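Peer 1: Output the structure for:
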Amino acid sequence: MTGLMDKVALLEIIKKLLKTDGELDFLRKLPEDDLKTLVGCIRERFDQLSKQTQ
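Peer 2: Alright, predicted model coming up:
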């Protein structure tokens, strides 16, 4: 998988996590490692929120 395809996949993950159809293409400017960090932060926050509501 090329870096671009990895970025596209990461953007799709972010869109699914945020449940948005909004334009997030500006995130393509970020390095792949930064996108991975962003996905991890979003998932961690969702985990925290789900624990608070239980």
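
Peer 1: Report the central residue of the protein.
Peer 2: Of all residues in the chain, the one closest to the mean position by CA atoms, centre = their mean is residue 14, 2.8 Å from it.

Peer 1: got a list of what that one touches?
Peer 2: Shown in contact with residue 14 (CB atoms under 8 Å, 6 or more residues apart in numbering): 24, 27, 35, 38-39, 42. Heads up, the C-betas are built off the backbone N, CA and C, glycines and all.

Peer 1: give me the low-pLDDT residue ranges for the chain?
Peer 2: Applying pLDDT under 70 to the chain flags the ranges 1-3.

Peer 1: May I see the buried residues of the host helix or strand of the residue nearest to the centre of the chain?
Peer 2: Residue 14 belongs to helix 3-18 when elements are defined using DSSP states H and E. Across helix 3-18, burial judged by 16 or more other CB atoms under 10 Å covers 7, 10-11, 13-14.

Peer 1: Next, the buried residues of the following helix or strand past it.
Peer 2: The C-terminal neighbour of helix 3-18 among helices and strands, as given by DSSP H and E, is helix 32-52. For helix 32-52, the neighbour count (16+ other CB under 10 Å) marks 35, 38-39 as buried.
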